[in-house]
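1. I need the structure of the sequence given here:
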Amino acid sequence: MAPKVLVVLTSYGFIESVKQPTGWYLPEFAHPYEVLSKKGVEIVTASPKGGLAPLDPSSVEAFKADASSASFLSTQSALWEQTATISSFLGRSAEFAGLLYPGGHGPMFDLATDKDSIALINEFVAAGKPVAAVCHGPAVFVNVELPGGKKLLHGKEATGFSNAEEDVVGMSAHMPFSLEDKIAEAGATYKKAPEPWAPLTVVQDGGKFITGQNPASSVGVGEALAKAIGV
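-> Got it, this is the predicted structure:
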């Protein structure tokens, strides 16, 4: 039977303070999908609200010349248009080989504090299943506390979209928190590539905890997750 990876997408689609649409970021799902699907992995999707998980239109424009993203956009729309609720997957970690959170600004507003997402991450970690996130996706880890009260990020090396990168895209003032700062506040050592936009994937816990810094890190995160689940 093909291994399955659960991909969790944001349900948050509009940033009021700048009056612009947001959501999940195309290559951060498309690139890991390509890596995993080529190895026979089945992808199942969830979101806080279920149904349509909003795709950030700016990512479609920015990556229109990227063959992997364009192919994914034209052939796999059911994956984000027909998500199930996160809550419907609680208690079902045994069905899955791993867990993946793509980024985009959306997760900063909903998944970072979503109780079902936090419970889901705890369940996968307790089951010894790899968990991965890329770009703004690592926001999902900053509020996760393990049984006993220790932060999931405590003592780990981790990455995510940097303050410098957020400044470049002009969104620092519109985020509910700084992801770089919050990762450090949760007790992790924040790592970043030598320059903005360069790829960086950080792997911890013997392959079980994977974070990527930015869109360019999406392939690396997919490859690290594939390795962790043994495909």
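
2. And the helices in the chain, which stretches?
-> For the chain, the helices defined by DSSP state H cover 26-38, 57-62, 67-75, 78-81, 106-109, 115-126, 163-168, 179-185, 218-228.

3. Any idea which of the ones you listed gets closest to Ser11?
-> Smallest distance to Ser11 across those (Cβ to Cβ): 7.4 Å, for helix 106-109. Placement of C-beta: from N, CA and C, glycine included.

4. what residues does the closest one touch?
-> Applying Cβ atoms under 8 Å, 6 or more residues apart in numbering, the contact partners of helix 106-109 are 9-13, 15, 22-24, 54, 56, 101, 136-137, 139-140, 175-177, 179.

5. What separation do you get for the most centrally placed residue in the chain and Ala173?
-> By Cα atoms, centre = their mean, the mean C-alpha position of the chain lies nearest to Tyr101, the distance being 2.4 Å. Distance, Tyr101 to Ala173, by Cβ to Cβ, to the nearest Å: 24 Å.

6. and if you look at Pro21?
-> Taking Cβ to Cβ, one finds Pro21 at 18 Å from Ala173.

7. higher neighbour count, those two?
-> Pro21 (15 against 9; other Cβ atoms under 10 Å).

8. which parts of stretch 46-66 are buried?
-> Buried residues in stretch 46-66, counting neighbours by 16 or more other Cβ atoms under 10 Å, are found at 46-48, 50, 52-56, 58-59, 63, 66.

9. Quick check: Gly98 vs Val44, distance?
-> Using Cβ to Cβ, one obtains 11 Å as the distance from Gly98 to Val44.

10. joint contacts of these two?
-> The contact lists of Gly98 and Val44 share 5-6, where a contact means Cβ under 8 Å, 6+ apart.

11. Give me the more crowded residue out of these two.
-> Gly98 (25 against 16).

12. Was I right to think that one contacts Lys129?
-> Yes. Counting by Cβ atoms under 8 Å, Gly98 does reach Lys129; the two are 5.6 Å apart.

13. tell me the contacts of Ala173?
-> Ser17.

14. List the residues that contact Pro48.
-> So Pro48 contacts 10-11, 85-86, 110-111, 114, 116-117 (Cβ under 8 Å, 6+ apart).

15. An error on my part: the question was meant for Ala186.
-> Ala186 neighbours (Cβ under 8 Å, 6+ apart): 141-143, 151-154.

16. now Phe124
-> 93, 96, 98-99, 130-131.

17. Distance of the closest residue to Ala30 other than its chain neighbours relative to Phe209?
-> Leaving aside its sequence neighbours, Ala30 sits nearest to Phe72 (Cβ to Cβ, 6 or more residues apart in numbering; 3.6 Å). Phe72 sits 25 Å away from Phe209, going by Cβ to Cβ.

18. Where strands are concerned, which of the contacts of Phe124 count?
-> Under the assignment DSSP state E, the contacts of Phe124 contribute 98-99, 131 to strands.

19. May I see the residues you listed arranged in a markdown table, with distance to Tyr33 and pLDDT as well?
-> Below are these laid out as a markdown table (distance: Cβ to Cβ, whole Å; pLDDT from 0 to 100):
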| residue | distance to Tyr33 | pLDDT |
| --- | --- | --- |
| Gly98 | 13 | 98 |
| Leu99 | 14 | 98 |
| Val131 | 17 | 98 |
